[in-house]
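*Asks:* Turn this into a model:
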Amino acid sequence: MKGIDNMLQQSISVILPAFNEEANIEQAVKLSLEIMPDYFSEVEIIPVNDGSADATGALIERLADNDPRVRPVHHSVNRGYGAALRSGFEAVGGELIFFTDADNQFDLHEITLLIERLKEADMIIGYRIRRNDHFMRIVNAFLYNMLIRVLFGLKVRDIDCAFKLFRRDLLKEIKLESDGALISAELLIKAKMSGCSITEVGVHHFPRLTGEQTGANLKVILKAFVEIFKFYSKLKHSTTAHCSCKCASGKKGCC
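*Replies:* The predicted model follows:
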């Protein structure tokens with residue numbers, strides 16, 4: 001595949017945000033180390049321990065001791081999914097950035113589906129063909145996606161699908177601020193506002209086998225909705241008259 005062969009000349013940073021993922025993090029890191037070198041010239045894995053209360057941090061450090069490609073980031077306290085991703089973004093050194101969750105609910109081999117489309121757009125994002133989560137989590141996600149669509153006009157199938165690939169240069173033009181679950185929506189909204197293009201690709205999603213999900217936690221849900229309306233208010237009252245952000249495709253917009 002010609003598109004994939006071209007990726008062999010580029011470096012990638014893989015970000016794995018993790019909170020209390022001692023049952024999953026080692027496999028997530030090892031699979032990343034095993035799979036990514038098949039497609040990229042240089043690979044670094046950035047597991048972000050978001051103030052875990054279990055052995056996640058210790059496991060990440062042990063993995064780093066055994067392989068210099070593992071470059072951990074630690075939060076002393078739990079700061080939220082968005083904060084974990086932002087810390088990962090700040091630490092990247094690769095030309096490309098890929099992020100996914102540390103719960104092993106995606107098949108990392110399917111990054112080839114994103115690579116094949118990278119020339120088509122500035123960002124290639126996955127959507128879950130069939131979401132393997134509890135019913136209420138699926139309902140919450142549907143309502144969340146609809147609200148984001150109505151408020152911001154962001155028309156993508158699966159905003160929070162943690163399977164996204166884009167060039168590092170894109171982050172130079174947008175400032176991310178979300179600490180919580182809004183981070184993916186903020187990233188996509190600001191990328192679109194800056195004139196960047198987005199292509200969606202269907203990927204498979206598997207049930208979580210170990211560990212505990214936090215996305216269905218009432219506190220997390222309420223925080224996400226508070227973040228949405230704060231973000232909406234901020235964008236609504238900001239001026240677009242002097243926007244000059246430029247995305248990787250060369251288009252200018254507001255971010």
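
*Asks:* any chance you could map the helices in the protein?
*Replies:* Assigned helices in the chain, in chain order: 2-7, 25-35, 56-66, 81-91, 111-115, 135-152, 183-193, 218-237 (criterion: DSSP state H).

*Asks:* Where does pLDDT dip in the stretch 151-255 of the chain?
*Replies:* 211-218, 239-255 (pLDDT under 70).

*Asks:* now the helices of the chain in JSON lines, with distance to Arg208 and mean neighbour count?
*Replies:* Quick note: C-beta positions are derived from backbone N, CA and C, even for glycine. Listed next are those as JSON lines, based on distance: least, CB to CB, whole Å; neighbours: other CB atoms under 10 Å:
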{"stretch": "helix 2-7", "distance to Arg208": "29", "mean neighbour count": "14"}
{"stretch": "helix 25-35", "distance to Arg208": "12", "mean neighbour count": "19"}
{"stretch": "helix 56-66", "distance to Arg208": "15", "mean neighbour count": "18"}
{"stretch": "helix 81-91", "distance to Arg208": "15", "mean neighbour count": "21"}
{"stretch": "helix 111-115", "distance to Arg208": "20", "mean neighbour count": "21"}
{"stretch": "helix 135-152", "distance to Arg208": "10", "mean neighbour count": "15"}
{"stretch": "helix 183-193", "distance to Arg208": "18", "mean neighbour count": "23"}
{"stretch": "helix 218-237", "distance to Arg208": "15", "mean neighbour count": "14"}
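
*Asks:* To Val48, which of those helices lies closest?
*Replies:* Of all these, helix 81-91 sits nearest to Val48, with 4.4 Å by CB to CB.

*Asks:* Lys155 against Ile148, yeah?
*Replies:* No - with contact taken as CB atoms under 8 Å, Lys155 and Ile148 are classed as non-touching, separated by 9.6 Å.

*Asks:* For burial, what's the neighbour tally of Gly155?
*Replies:* Small correction: residue 155 is Lys, not Gly. 11 (other CB atoms under 10 Å).

*Asks:* Any stretches of the stretch 1-150 of the chain with poor pLDDT?
*Replies:* In the predicted model, the stretch 1-150 of the chain carries pLDDT under 70 at residues 1-8.

*Asks:* redo that, cut-off 80
*Replies:* Low-confidence regions of the stretch 1-150 of the chain, defined by pLDDT under 80, span residues 1-8, 134.
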